[in-house]
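Chemist: This is a predicted model, with the sequence first.
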Amino acid sequence: MTAKNVLVTGANGQLGREIKSLTSKNDSIFRFIFTDVAELDITNVAQISDFVRQNDIKYIINCAAYTAVDKAEIDIETADLINAIGAENLARVSAENNCYLIHISTDYVFDGTSNTSYTEDMPVNPLSAYGKSKLKGEKGVQKYDKQAIIIRTSWLYSEFGDNFVKTMLRLMNEKESLNIISDQHGTPTYAADLAETIISILNFSESNEWQSGIYHFSNQGETTWFGFAEKIKELAKIKRCILHPISTKEYGGSTVNRPMYSVMDKSKIESVFQIVIPVWENGLGRCLEKYFSKGLTE
Ligand SMILES: NC(=O)c1ccc[n+]([C@@H]2O[C@H](COP(=O)([O-])OP(=O)(O)OC[C@H]3O[C@@H](n4cnc5c(N)ncnc54)[C@H](OP(=O)(O)O)[C@@H]3O)[C@@H](O)[C@H]2O)c1
């Protein structure tokens, strides 16, 4: 049996790199082809089309995105180009070539006014330019590729790239004290756990019918940015920095409206793909272990 070709876009980002570190060149079922903007720009539909045909792509995993939430407010055009048009381009090419597309979206499509965890069918109402651009991307994907899978995730971090965990580690080692927002509730997601889930979906789909639709994935449990920071401090055994909980209003450092509550219900993805999702503290522990075992080189 020849291996199926899997295109991963945005592969130099947090999620792309976690997928790369999970996959092997000797996999007999899948052959992964990792690209980032230099090799394949998702805003260029002709380039995607040629690439997919020339490489006989069967699955597409879209990890490419404009993820600078604050910057998106003043650079709406670029955020839309990558998150909306780019996603739509991939969906068009995927449908034309009978590929299976897995597209990644965000909890920021919600406005955070719910007081129960968000299921996939609850109304969306993004507050930020980033959230709006990602929602346009979801809609474009659904319009052009009816069989696509869309996975919404939240508060993503990894040993790779820039993220809250690495920023906290740096600041906690530099500063005597830090003010951290304690009234935004959500769930941190270890990108390696999302990567593993994506691989599980590919494996599942080789022996079961493809299950299109929107899914929610984060780690289990919930916390606030302050709770997340406290756990990072505890697990990293940092003694000196004092953490102060503050409200979003008091923080005032960002002009972006973020959902005050964005915990997502994961029961659909768990039951459809028969996966078990670790709690967020467990994911954080594994990420820090890996990060420190590499001697803080990244
Ligand atoms: N990070 C979070 O907290 C978070 C939360 C919820 C959902 N998500 C979603 O999860 C997914 C993965 O996020 P991530 O944190 O892994 O993102 P990331 O680290 O920012 O990686 C995105 C990658 O896409 C690349 N890219 C940008 N424009 C491109 C283009 N036109 N063509 C091809 N590649 C392009 C980026 O390159 P450059 O770096 O050169 O721009 C980067 O390497 C995204 O869909 C994101 O919206 C993320």
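Modeler: That came through, no problem.

Chemist: Of all the residues in the protein, which one is nearest the ligand?
Modeler: Gly13 (1.9 Å; Cβ to the nearest ligand atom). Bear in mind the C-beta positions are built from the backbone N, C-alpha and C, glycine included.

Chemist: Show the contacting residues for the closest residue to that residue other than its chain neighbours.
Modeler: Leaving aside its chain neighbours, Gly13 sits nearest to Cys63 (5.5 Å; criterion: Cβ to Cβ, 6 or more residues apart in numbering). Counting by Cβ atoms under 8 Å, 6 or more residues apart in numbering, Cys63 touches Val8, Thr9, Gly10, Ala11, Gly13, Leu15, Gly16, Ile19, Ile104.

Chemist: and what of Val109?
Modeler: Val124, Asn125, Pro126, Gly131, Lys134, Leu135, Glu138, Arg152.

Chemist: Kindly report the same for Phe164.
Modeler: Trp155, Tyr157, Pro188, Trp225, Phe228, Ala229.

Chemist: The fifth one contacts Thr187, correct?
Modeler: I take that to be Phe228. No - using Cβ atoms under 8 Å, Phe228 is not in contact with Thr187, being 9.3 Å away.

Chemist: if you count what's nearby, which of those two comes out ahead?
Modeler: Legend: neighbour count by other Cβ atoms under 10 Å for Phe228 and Thr187, higher for Thr187 (26 against 23).

Chemist: check contacts around the residue lying closest to that one once chain neighbours are set aside.
Modeler: Excluding its sequence neighbours, the residue lying closest to Thr187 (Cβ to Cβ, 6+ apart) is Ser218, at 4.1 Å. Contacts for Ser218 (Cβ under 8 Å, 6+ apart) come out as 107, 153-155, 186-189, 263-264, 266, 277, 280.

Chemist: And for Thr9?
Modeler: Here Thr9 is in contact with Gly16, Thr35, Asp36, Leu40, Ile42, Ile60, Ile61, Asn62, Cys63, Ala64, Leu90 (criterion: Cβ under 8 Å, 6+ apart).

Chemist: The ligand next: which of the residues you listed are close?
Modeler: Asp36, Ile42, Cys63, Ala64 (Cβ under 6 Å from any ligand atom).

Chemist: Out of these, which is nearest to Thr116?
Modeler: Nearest to Thr116, judged by Cβ to Cβ, of the ones next to the ligand among the contacts of Thr9 is Cys63 at 29.4 Å.

Chemist: which residues of the stretch 1-150 of the chain fall in strands?
Modeler: Remark: strands assigned in the stretch 1-150 of the chain by DSSP state E, counting those that start in this stretch are 4-9, 30-34, 57-62, 100-106, 149-153.

Chemist: okay, those in JSON lines with mean pLDDT next?
Modeler: JSON lines is the format used below for these (pLDDT from 0 to 100):
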{"stretch": "strand 4-9", "mean pLDDT": "98"}
{"stretch": "strand 30-34", "mean pLDDT": "96"}
{"stretch": "strand 57-62", "mean pLDDT": "98"}
{"stretch": "strand 100-106", "mean pLDDT": "98"}
{"stretch": "strand 149-153", "mean pLDDT": "98"}
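
Chemist: can you redo these as a markdown table with distance to Ile76?
Modeler: As requested, these are exported to a markdown table (distance: least, Cβ to Cβ, whole Å):
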| stretch | distance to Ile76 |
| --- | --- |
| strand 4-9 | 22 |
| strand 30-34 | 29 |
| strand 57-62 | 20 |
| strand 100-106 | 16 |
| strand 149-153 | 21 |
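
Chemist: No more questions from me, cheers.
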